[in-house]
Every structure is written in structure tokens, then in C-alpha cells.
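Visitor: whatever this is, show me its structure:
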Amino acid sequence: MLLAFYILLQKLNNKGCSCSSCSNKGISWSIKPSNNLKANNNISFQKSNKKSDLYFILTAGLIPCPGTVILFIYAFVLKTYFAVILASFSISLGMGLVIFASSFLGVSLHKLSDKSHKLTNLLELISPIIMFILGLLLLFSAK
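Guide: As a prediction, this is how the structure comes out:
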């Protein structure tokens, strides 16, 4: 909640766009040439192949979800293996759907906000308010 309040105060104090091109306060530009800069020839942008991407996805999937681990501990204690396997499958589908939807929404809003700075400013103002309200709901729902 404090983070959301801090973000909201920063947005209200700036009164404008917070993108890097609009808010370059504190940055001083110099036109003096610098001889200390060296060309970086070590960077190469190569197209990755699908096989290495698949290895990355499979190795990232090897790390178990903590909630699923707790469910399997209960499964061993209560001897309810089939119900826990179904619950784990449901958890993974639900998380996958939410992650896909949020990334799709993020990319769509980013494309839309490039065209309209009013939408960006509105989202930057509404987002910390929603975060603060959700924090309050979590705080007051705890018993």
C-alpha cells in the first residue's frame, strides 16, 4: 500500500508524462567529445533457434510451484492423489490463462498508448489507486 501511495504521489507531483523522453529532469547534456568511449564489438544479435527456446521453456518448467508442492504434501498425508493431481492441473491452467491474458493486455495497451498520451497518463494515475484499494481490501480481510 505504501508503494502504491508513493507511486501516486510521484505521479501527482510530476503532473505530466513519466516517459523517459518527457521527464528528463536532472540529466545534464554535454557536447564535449569524450575519448574514453570504446566501440563494443562483442555484442552480436543472432536469431535464436527454436530448439534452444524449447530447452529454456522446459528447464523453467522444472521448478515446481510452491502451492502445488503443498498440495502434494497434503496428498501424501491424506491419501488423495487423484484430487491433488486434478487440483494441480487446474492451478497450472488458471495461472497460464492469467499470465497469457495479462501479457496480451499489456502488449495491446502499450500499442494503444503509443498513439495516445492521454490514455497513458490516465493509466498511470488509476493503476496506483487500484493497487492501494486492493492493498486495503487485503488488509481489512485478514482476520
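
Visitor: surely residue 1 and residue 129 touch.
Guide: No. Residue 1 lies out of contact with residue 129 (C-beta atoms under 8 Å); the separation is 11.3 Å. Glycine gets a C-beta too; all of them are placed from N, C-alpha and C.

Visitor: give the contact list for residue 119.
Guide: 109, 112-113 (C-beta atoms under 8 Å, 6 or more residues apart in numbering).

Visitor: what subset of those is buried?
Guide: Buried subset of the contacts of residue 119 (neighbour count, 16 or more other C-beta atoms under 10 Å): residue 113.

Visitor: flag the least confident of the contacts of residue 119.
Guide: Of all these, residue 113 carries the smallest pLDDT score, 71.

Visitor: measure that one to residue 122 for me?
Guide: Counting by C-beta to C-beta, to the nearest Å, the separation of residue 113 from residue 122 is 10 Å.

Visitor: repeat that for residue 87.
Guide: From residue 87 to residue 122 the distance is 39 Å (C-beta to C-beta).
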